[in-house]
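> Dropping the sequence and predicted coords here.
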Amino acid sequence: MLAAIGETIRSARKARGWSQQQLADLCHLDRTTIGALERNDFNDLGIRKVERVLMVLGKTLTTKDVGLPTLDDLKAQQRG
């Protein structure tokens, strides 16, 4: 969920004792960008910025199945 990203960033930053400005400097971004990420305000932010911040914090984005059928599942249902 996107909402979890902001909390993950905030928690990881605080665990390291960094201010938003310190994290921004390490990521070569504006402090306002870090604040927007922590508030889950992704309107003007690209995925590369999110990935850059997460990488500096030692985190990564992952995907997971959410219970939707795969293409192979759908094909098997049509045959069966």
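Arrived safely. These numbers were taken from a predicted model, which means no experiment stands behind them.
> Run the chain-centre distance for the longest helix that the chain contains.
Ordering each helix of the chain by length in residues (DSSP state H) puts helix 2-15 first. With C-alpha atoms, centre = their mean, to the nearest Å as the basis, helix 2-15 stands 9 Å off its chain's centre.
> which of the residues in it are buried?
By neighbour count, with 16 or more other C-beta atoms under 10 Å as the criterion, the buried positions of helix 2-15 are Ile5, Gly6, Thr8, Ile9, Arg10, Ala12, Arg13. Quick note: C-beta positions are derived from backbone N, CA and C, even for glycine.
> these two touch, right, Arg16 and Leu57?
Yes - if you go by C-beta atoms under 8 Å, Arg16 and Leu57 touch, sitting 7.5 Å apart.
> So between these two, which is more surrounded?
More neighbours surround Leu57 than the other of Arg16 and Leu57, with 19 against 13 (other C-beta atoms under 10 Å).
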